[in-house]
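Q: sharing a model that was predicted from the sequence below.
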Amino acid sequence: DYEDVTVELRAVKNICKGGEITHCYFMGVEEFDSIPRKRKTAIKKTQGFDCKCSVCSGQVPGQEKTLKKLIEAHKKLDPTPSDWKREAVNRSRIVDLTMELYIGDPREKFRALGSLMRFAYLARDKELVKKATGMAKQLTEEYKLEDMQVVYDRWVKDLAKWSREFTSNN
């Protein structure tokens, strides 16, 4: 029942009068292809519209290459990881590639950072935890989304609580 649904739309930057307002439907690189023609076909099939964004129109150099690398990096993730360090390094690569994209919901980037943070913690890799935390803080400040702020605050609190474990064998 859609009668009780409320949607709030907030701009993350100033919009000039007459400026175009768009929404990104790109949620997860595995769902759509890196090749613009195939991606546009998939978006048309699943979402019901012709995407004319600058990435799908080929106006942003290097995006197809980044998407292809990102899809490959996702394929390398272990569904039942036992080598935390290797998994943390893979997720760090995914974060780097995700941040290069000009498309996507900022929450997707935030989720990639959360995944990196967890695996970096399990690998006891302080530098990768610091990288994930710093980038998450930057995204939180840039987008000013309340749900991201709540999750970020929880991550900081949890990491502070668990920081003693970094030096232990637990």
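A: Yep, it's here.

Q: going by C-alpha atoms from here, please, whenever you check contacts or count neighbours.
A: OK.

Q: and Lys99, what element?
A: For the record, residue 99 is Met, not Lys. helix 84-100 (DSSP states H and E).

Q: kindly report the same for His74.
A: Element membership for His74 (DSSP H and E) is helix 63-75.

Q: and that helix, what does it pack onto?
A: If you count contacts as 3 or more CA pairs under 8 Å, 6 or more residues apart in numbering; DSSP states H and E, helix 63-75 packs onto helix 84-100.

Q: can you give me the helices for this structure?
A: Taking DSSP state H as the test, the helices found in the chain are 36-47, 63-75, 84-100, 106-122, 126-143, 146-166.

Q: from the chain's centroid, how far away is the longest one?
A: Spelled out, it's helix 146-166. 18 Å (CA atoms, centre = their mean, to the nearest Å).

Q: give me the pLDDT value at Ser163.
A: For Ser163, the pLDDT comes out at 77.

Q: quick revisit: let's have the helices of the chain in TSV, adding mean neighbour count.
A: TSV is the format used below for the helices of the chain (neighbours: other CA atoms under 10 Å):
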stretch	mean neighbour count
helix 36-47	15
helix 63-75	17
helix 84-100	20
helix 106-122	21
helix 126-143	17
helix 146-166	14
